[in-house]
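# coordinates for the following, if possible.
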Amino acid sequence: MEALLQFSDNLGAYDFAILTFLLKASMVVFFLLALFILIYDRFIQREDQLLINYPLIGRMRYLFYLLRDPMRQYFGDEKFYESFDKVKWVYDSAENKSAYTSFSPGQPQKSARLSIKNVNCVLNTEDVSDDFSVVFGSTSPNPFRTKSVFGRSAMSDGAISPEGTRAFSKGAYLGQFPINTGEGSLTSNFLYTHMYNKDDNCYMDVKEGTFFAKSVYKIIKFFSNKAIGQRIYKHLVIHSPDYESYLFDSDAIVCYRVNWNASLESFPTHVPSDIPDIIFQIGSGLYGVRNEEGNFDELRYKKTMCFAKMTEIKMAQGAKQTGGKLLASKVSESVAYYRGVEAHKDLFSPNQFPFSSSLEELFTFIGRLKKISQKPVGVKIVISSQDSFTEYANLIKKKIDEGSNDYPDFMTIDGGDGGSGAAPLEMMMTVGMIIAKALYIADTTLRKVGVREKVKLIASEKVLTPDDAVVLFGIGADYVAIARAFMMSAGCIRARECSGANGRDCPVGLATQNKAKRASFLTEQKAKNVARYHGQLVYGLRNLLAIMGINHISKLDKSNLIFKDHTGKTYMNVDRYFKESIVD
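Numbers count the residues shown, from 1 in each chain. As a prediction, this is how the structure comes out:
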């Protein structure tokens, strides 16, 4: 202690010449820079009137504006979700931290809410069945039985970085839950866990380097890391701008991707066991299943379905009832290769799906896809009214009564609060019903016409935690698709720079094609985080079912829910609440 006091007393006697010089030099540079900015803003530029009047202070406005979105969650209350505690639960679960909280949430829960009924004599968690499978297309030649009631919702490779898509794909494989490709096609990155097999590669486009290239890879891997070695090896071996579309096998030291020009007979007859359960989505751009003229390619669709379990036709989503939006900065050479478009140009899909000028035409196309793939096919929609969905239900009833197979095996209901990396602001949260009411309409209408058992319902919108999901299962969902929370489990900090507009990119490398940002993304680590988040969702769901006295999720229904409005009025029968809140 005395030595410390003596040092502090003598501190003023020391001469930090270098530090003093650097400090003075920095001040001089700062002064000259400020002087230059002052002169430029006041007397030269004529684009910003604020900076003419306030050349230095005015620039602070733009600095704070730049930091507003990335920093808002640290200095402001949670606005989009009920509480930041829910957001934190996702991050903690993904990182294998304790998801318990103390006393109460950091913010009061909203007074109007759907809640669950507990029972007098609860079950132990282990008494609840761990069977969370869902069967899609039970009458299909190849039904799809999932291993989970949760899955990653549609997010396209391209909107998401290659590394991000690989993390999601491996996370889905490890966690044993389905993953939806989004409308950007089935890309190499969804097959990240599909290992190279030299004895069965007839459907592969393989690039193998020379002894020199392999030696360079091994040396760089030894002195640096595998990721850098892989990038350099690809540059040495693949001489095309879409080199990133190739996967890499570190054991065989070869690059490979699916050769879509190979004959159909060379493709796998069964979905490979070393990839996750993939739901292939077709959007209005027909990416991944179109020919050079942009028309539907039946043969390419057959090849794609060798790797997927079922197909989802995207008619609309909650944040935009239009086709996908991908700015030029995200249309890399590899993304262009996957989608069959020109690189580095804005890619806006048509508003209307090509085979949907009427519901009859859409259902005919659904039947066509079911016949081609011999697998389940469904449709993703946004419900805006009872009448609009009744039209779907009546047509399904008609097709079944006629003995036709031209109807969807499942319907994905996306709520009006659904999200997107790029969407017109005027559509966000102003078009479509919130998921609870939309799901209620879908479930009750299908039951009313007598076809509910033929059509599975997938619910999607703002689900973070198990209690969010259990309410949707109670209303009628068979399966819940999650996007934002899985993004957060993979490292998303909600900076809202997903679109890549105005030269601003996702800061963590998850939703960008910026190579510098992507280089820092830890694919293998984030894959484990994604799988852990899913595991905690299932565990939390089992806990909730236990206190509800339900030993299997199939027994969960609306009778297990209650609704309390903002006045405190409680509806023990939620059917009554929905009927009062959804009126003509």
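
# low-confidence ranges in the stretch 351-500 of the chain?
Under the criterion pLDDT under 70, the flagged ranges of the stretch 351-500 of the chain are 421-423, 428-429.

# what ranges do the helices span in it?
Ranges of helices within the stretch 351-500 of the chain are 359-373, 386-401, 435-449, 466-475, 484-489, based on DSSP state H, counting those that start in this stretch.

# backbone phi and psi for the nearest residue in space to L347 that is not next to it in sequence, please?
If you skip the residues right next to it in sequence, L347 has L326 as its closest partner in space, 4.2 Å away by Cβ to Cβ, 6 or more residues apart in numbering. (Glycine included, C-beta is placed from N, CA and C.) Comment: the main-chain dihedrals of L326 come out as phi -130, psi 110, following degrees, to the nearest 10.

# distance of L326 relative to E312?
Between L326 and E312 the distance is 19 Å, computed by Cβ to Cβ, to the nearest Å.

# ignoring the adjacent residues along the chain, who's closest to E361?
Here the nearest residue to E361 in space, its sequence neighbours aside, is F355; by Cβ to Cβ, 6+ apart that works out to 5.6 Å.

# tell me how many other residues crowd S559.
In terms of burial, S559 registers 13 neighbours under the definition other Cβ atoms under 10 Å.

# swap in I238?
Around I238 there are 17 other residues, counting by other Cβ under 10 Å.

# skip the chain neighbours and tell me the closest residue to it.
Nearest residue to I238, sequence neighbours excluded (Cβ to Cβ, 6+ apart): K207, at 5.2 Å.

# so the one you found sits against N259, correct?
No: counting by Cβ atoms under 8 Å, K207 stays clear of N259, with 11.2 Å between them.

# please say which of those two ends up with more neighbours.
Set side by side, K207 and N259 show unequal neighbour counts under other Cβ under 10 Å, the larger going to K207 at 19 against 16.

# who does that one form a beta bridge with?
On the basis of DSSP bridges, K207 is bridged to C255.

# roughly how far does it sit from S240?
Taking Cβ to Cβ as the measure, K207 falls 9 Å from S240.

# check I279 too.
The value you get for I279 to S240, if Cβ to Cβ is used, is 30 Å.

# same drill for these two, tell me which one is more crowded.
The residue with more neighbours, out of I279 and S240, is I279; 28 against 11, by other Cβ under 10 Å.

# without its sequence neighbours, what residue ends up closest to the more buried one?
Leaving out its chain neighbours, I279 is closest to N180 (Cβ to Cβ, 6+ apart), at 4.4 Å.

# now the one you found: how far from Q317?
Summarising the geometry, the distance separating N180 from Q317, computed by Cβ to Cβ, is 11 Å.

# common neighbours of those two, please.
Counting by Cβ atoms under 8 Å, 6 or more residues apart in numbering, the residues touching both N180 and Q317 are A154.

# tell me the contacts of I413?
I381, V382, I383, I435, A438, L439, A442, L457, I458, A459, S460 are the contacts of I413 under Cβ under 8 Å, 6+ apart.

# could you do E126 as well?
Applying Cβ under 8 Å, 6+ apart, one finds that E126 lies in contact with no residue.

# that one should be in a strand, yeah?
No: when DSSP: H, G, I helix; E, B strand; the rest coil is applied, E126 is found to be helix, with no strand at that position.

# so where's the stretch 101-250 of the chain shaky on pLDDT?
Within the stretch 101-250 of the chain, the ranges that satisfy pLDDT under 70 run 103-110.

# just the helices in it please.
Taking DSSP H, counting those that start in this stretch as the criterion, the stretch 101-250 of the chain carries its helices at 162-175, 211-223, 226-237.

# got the angle between the last one and helix 211-223?
Between helix 226-237 and helix 211-223, the angle comes out at 160 degrees (axes from the mean of the first three to the mean of the last three Cα atoms, to 10 degrees).

# repeat for the longest one
Counting by the same axes, to 10 degrees, helix 162-175 points 70 degrees away from the direction of helix 211-223.

# for helix 162-175, output the C-alpha coordinates as PDB.
Output for helix 162-175, consisting of C-alpha atoms alone and laid out as PDB, is shown next (Å, rounded to 0.1, in the frame of the first residue of the first chain):
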ATOM      1  CA  PRO A 162     -23.500 -18.100 -46.800                       C
ATOM      2  CA  GLU A 163     -22.000 -18.500 -43.400                       C
ATOM      3  CA  GLY A 164     -25.300 -17.800 -41.700                       C
ATOM      4  CA  THR A 165     -27.200 -20.200 -43.900                       C
ATOM      5  CA  ARG A 166     -24.600 -22.900 -43.100                       C
ATOM      6  CA  ALA A 167     -25.000 -22.200 -39.400                       C
ATOM      7  CA  PHE A 168     -28.700 -22.600 -39.600                       C
ATOM      8  CA  SER A 169     -28.500 -25.700 -41.700                       C
ATOM      9  CA  LYS A 170     -26.100 -27.400 -39.300                       C
ATOM     10  CA  GLY A 171     -28.000 -26.200 -36.300                       C
ATOM     11  CA  ALA A 172     -31.200 -27.700 -37.800                       C
ATOM     12  CA  TYR A 173     -29.300 -31.000 -38.400                       C
ATOM     13  CA  LEU A 174     -27.900 -31.100 -34.900                       C
ATOM     14  CA  GLY A 175     -31.200 -30.000 -33.300                       C
END
